[in-house]
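A.B. asks: sequence and predicted structure, then a few things I'm wondering about:
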Amino acid sequence: MDKDTIFFKGMTFYGYHGVYPEETRLGQRFVVDLELGLDLAPAARTDDLNQTVDYGRVYQVVKELVEGKPCRLVETLAERIAGALLTGFPVEEVRVRVTKPHAPLGVDAEVSVEVVRTRRSP
């Protein structure tokens, strides 16, 4: 199988994830970037959405996870996103980067976590 890639960059949501009380009370912006690895040749040949990934559905899944049940760790959020994409879409590999643009570090800094997960063979 050829591995092609679909990119999602800069998806921004408001969530309540974090270790500190003010993060879970006030919330903050989170930015999610994705790389979805799959063979895009069937979709390209047939011009059929059913042969690829519906971008709108991917966006909705990520939105629901980021804006939904809070996680203490951004690592947990990234893992949840990766798992949902691998089980809900015909992708072989996902790269998920979750960024906190204003991490509570006492200085203005952003922190990102990136996970790469692949579909397990049966």
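C.D. replies: Everything's here; your move.

A.B. asks: not counting its own residues, what contacts the helix or strand of the chain with the lowest mean pLDDT?
C.D. replies: Considering only helices and strands, the least confidently modelled element of the chain by mean pLDDT, DSSP states H and E is helix 21-26, at a mean of 86. Taking contacts as Cβ atoms under 8 Å, 6 or more residues apart in numbering, the residues outside helix 21-26 that touch it are 16-18, 70, 104. Heads up, the C-betas are built off the backbone N, CA and C, glycines and all.

A.B. asks: swap in stretch 67-80?
C.D. replies: 13-19, 24, 30, 65-66, 96-98, 100, 111, 113-115, 117.

A.B. asks: same deal with stretch 31-38?
C.D. replies: Taking Cβ under 8 Å, 6+ apart as the rule, stretch 31-38 contacts 3-13, 52-53, 58, 62, 66, 81, 85, 89-99, 101.

A.B. asks: among these, the buried ones, what's the PyMOL command?
C.D. replies: Those of the contacts of stretch 31-38 that count as buried under 16 or more other Cβ atoms under 10 Å are selected in PyMOL with:
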select buried, resi 6+8+13+52+53+58+62+66+81+85+89+91+93+94+95+96+97+98+99
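
A.B. asks: low-confidence ranges, this structure, go.
C.D. replies: 1-2, 105-107, 121-122 (pLDDT under 70).
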